[in-house]
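In: Give me a 3D structure for the following:
(4 chains)
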Protein chains: 2
Amino acid sequence: MTKKSHEQPDETAPSTGKTASGLASPLDTLLGYRVRRASMAMIADLVDALRPFRLSVGEASLLILVGANPGCRQSDVGRTLEIKRANLTPLISRMKARDLVADAPIDGRSLSLTLTPDGTALRDEMLSRVLASDRKFAKRLTGDQKALFAALEALAR
Amino acid sequence: MTKKSHEQPDETAPSTGKTASGLASPLDTLLGYRVRRASMAMIADLVDALRPFRLSVGEASLLILVGANPGCRQSDVGRTLEIKRANLTPLISRMKARDLVADAPIDGRSLSLTLTPDGTALRDEMLSRVLASDRKFAKRLTGDQKALFAALEALAR
DNA sequence: TATTGTTATACTCTATAACTATA
DNA sequence: TATAGTTATAGAGTATAACAATA
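Out: As a prediction, the model looks like this:
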């Protein structure tokens, strides 16, 4: 048996840094933990950016996706955003209640989704804020941005 | 006014790819969206790895952090993991009910946390599975891993 | 006075099952 | 028979407010 490496606050191990609270944090060595922290920081900023529009992240994603794909099927939107049918229905209902999204039957069971004029206008304003938030983070990056996107793509597949 | 660039399913714009459902997806150009997708994929695998131990991601994080910092303050654990006081109490209660974590008063208001022998044993087994899950993703990476960690660090700060 | 821990509570997101209708 | 959409419901995770006790 080898000595266990995560049991003690080992002063000789430089791989585990210290947190702001002074705790050793083996979690910081985990790729998944780092990705999650980065994601949470970006989402927190995105939520702030969306608040003036009274849109959740899921609602904003829907408006952006439907805006880029007018007439798309509701079922395809759900698959693309990985939102389950049962959760997509009330989300779209809220957007219809605000006259941001309109639906129309494709056949007897499928619905097509389109942004209304109000939805398009809100999407335009909202998207520029979303892009600004995203760029703010992207500007922090010094290295090869293409390589980072490739790495994230490899992790997400 | 410039032409709006996200309104139509524009065949001439190669920057916006197509999803598995055939929809144009301007979201894929967003760094934050990519980071979130990567995080969700890794967390889904982590949740699977933790299921046999009946541990949530938060509970596993707590065991790993307390295991590396025996006698640490509950309040510091909450700050490090960004879990609010009010939510940390029931989480720790569950770990105490399973005899994985023990607490002891530091002074009249603070508590110190330590893994019990059972907690240490479970942490050891669990951590090896967590590391295996994390390595599985890390192996997908071709480029400079140090650069990726630096990028994630820059995004999370 | 600020901090620590606790309790109660509410809100969002997500997950499942059951149902109708249709391709 | 598989797919699309809806409804109801339950479970996490997270948020705030109020409180008691203590530094």
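In: I'd like to know if the longest helix along chain A reaches DNA strand C anywhere along the stretch.
Out: Ranked by number of residues, the top helix in chain A under DSSP state H is helix A:117-138. No. If you take Cβ under 7 Å from any atom of the strand as the test, helix A:117-138 misses DNA strand C, and the best it gets is 14.5 Å. To be clear about C-beta, it is placed using only N, CA and C from the backbone, and glycine gets the same treatment.
In: The helix or strand that that helix is followed by - contacts with which helices or strands?
Out: Going down the chain from helix A:117-138, the next helix or strand is helix A:145-156, by DSSP states H and E. Helix A:145-156 sits against helix B:31-50, helix B:145-156, with contacts defined as 3 or more Cβ pairs under 8 Å, 6 or more residues apart in numbering or on different chains; DSSP states H and E.
In: mean confidence score for helix A:145-156?
Out: Computed over helix A:145-156, the mean pLDDT rounds to 96.
In: which other residues reach that helix?
Out: A:31, A:35, A:138, A:141, B:31, B:34-35, B:37-38, B:40-42, B:137, B:140-144, B:147-148, B:151 (Cβ atoms under 8 Å, 6 or more residues apart in numbering or on different chains).
In: how big is the angle separating that helix from helix A:117-138?
Out: 110 degrees (axes from the mean of the first three to the mean of the last three Cα atoms, to 10 degrees).
In: these two touch, right, A:Leu113 and A:Leu100?
Out: No. Counting by Cβ atoms under 8 Å, A:Leu113 stays clear of A:Leu100, with 10.6 Å between them.
In: if I look at the residue of chain A found nearest DNA strand C, how far off is B:Ile83?
Out: With Cβ to the nearest atom of the strand as the measure, A:Gly108 is the residue of chain A nearest to DNA strand C, at 2.5 Å. To B:Ile83, A:Gly108 is 48 Å away according to Cβ to Cβ, to the nearest Å.
In: Of those two, which one has the most company?
Out: B:Ile83 (17 against 5; other Cβ atoms under 10 Å in any protein chain shown).
In: Isn't that one up against B:Glu59?
Out: No. Between B:Ile83 and B:Glu59 there is no contact under Cβ under 8 Å: 10.6 Å.
In: can you list residues touching both of those two?
Out: Common neighbours of B:Ile83 and B:Glu59 (Cβ under 8 Å, 6+ apart) are B:Leu91.
In: burial measure for A:Lys84, as a count.
Out: Other residues close to A:Lys84 by other Cβ under 10 Å number 10.
In: Return the residues in contact with it.
Out: A:Gly78.
In: ok, now how distant is it from DNA strand D?
Out: Per Cβ to the nearest atom of the strand, to the nearest Å, A:Lys84 is found 8 Å from DNA strand D.
In: Show me what from chain A comes close to DNA strand C.
Out: Residues of chain A found near DNA strand C (Cβ under 7 Å from any atom of the strand) are A:56-58, A:83-87, A:107-109.
In: The helix or strand in which A:Asp103 is found pairs with which strands?
Out: Per DSSP H and E, A:Asp103 falls inside strand A:101-105. When pairing is defined by DSSP bridges, strand A:101-105 lines up against strand A:111-115 (antiparallel).
In: can you tell if the strand it pairs with touches DNA strand D?
Out: Yes. If you take Cβ under 7 Å from any atom of the strand as the test, strand A:111-115 does meet DNA strand D, through A:Leu111.
In: just to revisit the earlier point, the residue of chain A closest to DNA strand C looks like it's in a helix, true?
Out: No. Looking at A:Gly108 with DSSP: H, G, I helix; E, B strand; the rest coil, it is coil, so not inside a helix.
In: which ones are touching it?
Out: Counted by Cβ under 8 Å, 6+ apart, A:Gly108 has zero contacts.
In: All good on my end, thank you.
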